[in-house]
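>>> Compute the structure for the input listed below.
(one chain, ligands or ions: 1)
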Amino acid sequence: MTIVASLKTDPYWWEAAPPTDMPETDVAETCDVAIVGAGYTGLSAALVLARAGRSVQVFDSLRAGEGASTRNGGIASGNIRMGFGTLIERFGLERAKSIYAEGKLARERLSAFLEDENIACDQQMVGRFAGAVAPKHFEAMRREADLLNKHVDLGVSVIARKDQHSELGTDYYHGGVVRPDIGGLHPGKFHAGLFGRASDAGATVHTSTAVQGVQRDGDGYTVRTARGTVRANDVLIGTNGYTDKANAWLQRRLVPVPSRIIVTEPIGVDVMARLMPKRRMLVESRRVGYYYRPTPDGTRILFGGREGAANASPEEVVRIHMGRLVEIFPELADIQAAFSWSGFVAYSRDYMPRLFSHDGMHYAVGYCGSGVVWAWWTGRHAAFQILGQGETESAFLCDPPKAIPLYAGKPWFLPAMMKWFGFQDRMDQRPGR
Ligand SMILES: Cc1cc2nc3c(=O)[nH]c(=O)nc-3n(C[C@H](O)[C@H](O)[C@H](O)COP(=O)(O)OP(=O)(O)OC[C@H]3O[C@@H](n4cnc5c(N)ncnc54)[C@H](O)[C@@H]3O)c2cc1C
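Numbering: from 1, shown residues only. A predicted model of the protein is given here:
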């Protein structure tokens, strides 16, 4: 396993759909809604608002999509970091059911949206296999599958280790579960589609235009940007893992966690058919787990995971990722990584994606690495909140996340946490456990 000298450090997705840089246009002095962040959250909201006749300006300090929205793995899971059983313990059965039921609805609506809007983004409803890295993880997955099938009707199937090759060409896992309701898409094309629809609807997107601060001003807001000041009636914050000091209040509540992806060079058709016969999306039960998938054309493997415990260099993380890929599929020992890039996902203390208001401003953030569905969904719902009409109800409407003690935006505790999770995973994997 090697890393090619010509390793590309821009996302693989940018080959077909690079982030959009808009020509500079004047920032209008007033608008109905100012949106900070031109990722899925901001654009999804902008589309709904512009179609409802509101004047909308979206600001992004980078190119549109250059945050996580064109860097992700494209696994459209609408995953909730806490398992269903944990949600029941924490919130009770009814709320747990409503959260999971909304996930199902959000995935279905996203598919319908892509079709209705004619957004060609290689969506493939291939299902997701989650592999158990230890026997006790497999037992926990089996219990969780029973609970989900009983209460939410997701059609989860449990795959014993002996049957695993029908899912994945490896003996690495101790069995796993399949969720048929999850699929994959091309995140860059999805973002480009949203961008096009929002612009066509009349929203103005200002790229390379940082918002430097927002202040309440009577019954509206003064939004200071790098290219002028705007008076807006409403403000939506969709900055997620890229939240900066312009919103120090939110920075204390969200932890940006770096995640790195590699994409291999092309792999033979026969090998791909043997390793990933159903072209599923793939995750594993580890606390610090990997996510992976075939690229939409089925020729390469995309393999992602957190940057890890140590302050490792990008090259080192690529080597660690490649090492794990070869542990799962030993026959890839001679395959090289061709692309590698990283980006930030955002966690709040309770690991819940959420929609909330603070000081009258609207926020949709905290997707814990599963924003392909959630950012699109909560962005829309934030727009409905602003309009006061449409689907204003959501299980994710809640209080702001709590501030994290002794934290102001630089997650000094992450390396230690990663080490601790990694240690627990290794304990679970000891023989006989
Ligand atoms: C490597 C990686 C892999 C991932 N894999 C998956 C996956 O397979 N499936 C899945 O569901 N999710 C995945 N995610 C998560 C998903 O990509 C995100 O949750 C989602 O894109 C968040 O969208 P967003 O619009 O809220 O934020 P982003 O797309 O991150 O956009 C936020 C934007 O806010 C802008 N911004 C911040 N501060 C300011 C400011 N002061 N002024 C102006 N602009 C500002 C930033 O420049 C940025 O462009 C992954 C993320 C990463 C990084």
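
>>> Give me the neighbour count for the residue lying closest to residue 301 once chain neighbours are set aside.
Beyond its immediate neighbours in the sequence, the residue positioned closest to residue 301 (C-beta to C-beta, 6 or more residues apart in numbering) is residue 264, lying 4.9 Å away. (C-beta placed from N, C-alpha, C; glycine too.) Here the neighbour count serves as a burial measure; for residue 264 (other C-beta atoms under 10 Å) it reads 21.

>>> Isn't residue 264 up against residue 333?
No. Counting by C-beta atoms under 8 Å, no contact exists between residue 264 and residue 333, whose distance comes to 11.9 Å.

>>> close enough to count as contact, residue 231 and residue 221?
Yes. Counting by C-beta under 8 Å, a contact exists between residue 231 and residue 221, whose distance comes to 7.3 Å.

>>> Which one's more surrounded, these two?
Higher neighbour count among residue 231 and residue 221: residue 221, with 20 against 15, using other C-beta under 10 Å.

>>> Residues contacting the helix or strand where that one lies, please?
Assessed by DSSP states H and E, residue 221 sits inside strand 220-225. Strand 220-225 is touched from outside by 27, 34, 36, 59, 206, 209-215, 229-235, 360-361, with contacts defined as C-beta atoms under 8 Å, 6 or more residues apart in numbering.

>>> contacts with the ligand among these, please.
Filtering the contacts of strand 220-225 for neighbours of the ligand using C-beta under 6 Å from any ligand atom leaves 36, 59, 210, 211.

>>> Can you check these and name whichever has the most neighbours?
Note: the member of those with the most neighbours is residue 36, at 28 neighbours, neighbours being other C-beta under 10 Å.

>>> Verify the stated contact: it with residue 234.
No. Using C-beta under 8 Å, residue 36 and residue 234 do not qualify as a contacting pair, with a distance of 11.8 Å.

>>> Would you mind measuring from residue 237 to residue 361?
As defined by C-beta to C-beta, to the nearest Å, residue 237 lies at a distance of 6 Å from residue 361.

>>> what about those two, which has more around it?
A count of neighbours by other C-beta under 10 Å puts residue 237 above the other of residue 237 and residue 361, at 25 against 20.

>>> Please give me every residue in contact with that one.
Taking C-beta under 8 Å, 6+ apart as the definition, contacts of residue 237 comprise 36, 37, 243, 247, 250, 361, 362, 363, 364, 365.

>>> Same question for residue 144.
83, 84, 85, 177.

>>> about what we covered before: now which of the contacts of strand 220-225 would you call buried?
Buried members of the contacts of strand 220-225, scored by 16 or more other C-beta atoms under 10 Å, are 27, 34, 36, 59, 206, 209-211, 214, 230, 232, 234-235, 361.

>>> Those in strands, which ones?
Using DSSP state E, the members of the buried ones among the contacts of strand 220-225 that fall in strands are 34, 36, 59, 206, 211, 214, 230, 232, 234, 235, 361.

>>> In space, what's closest to the first one - neighbours in sequence excluded?
For residue 34, ignoring the flanking residues on the chain, the nearest one in space by C-beta to C-beta, 6+ apart is residue 232 at 3.8 Å.

>>> Now do the strands in the stretch 51-200 of the chain.
Assigned by DSSP state E, counting those that start in this stretch, the strands in the stretch 51-200 of the chain fall at 56-59, 75-76, 128-131, 157-159, 176-179, 183-184.
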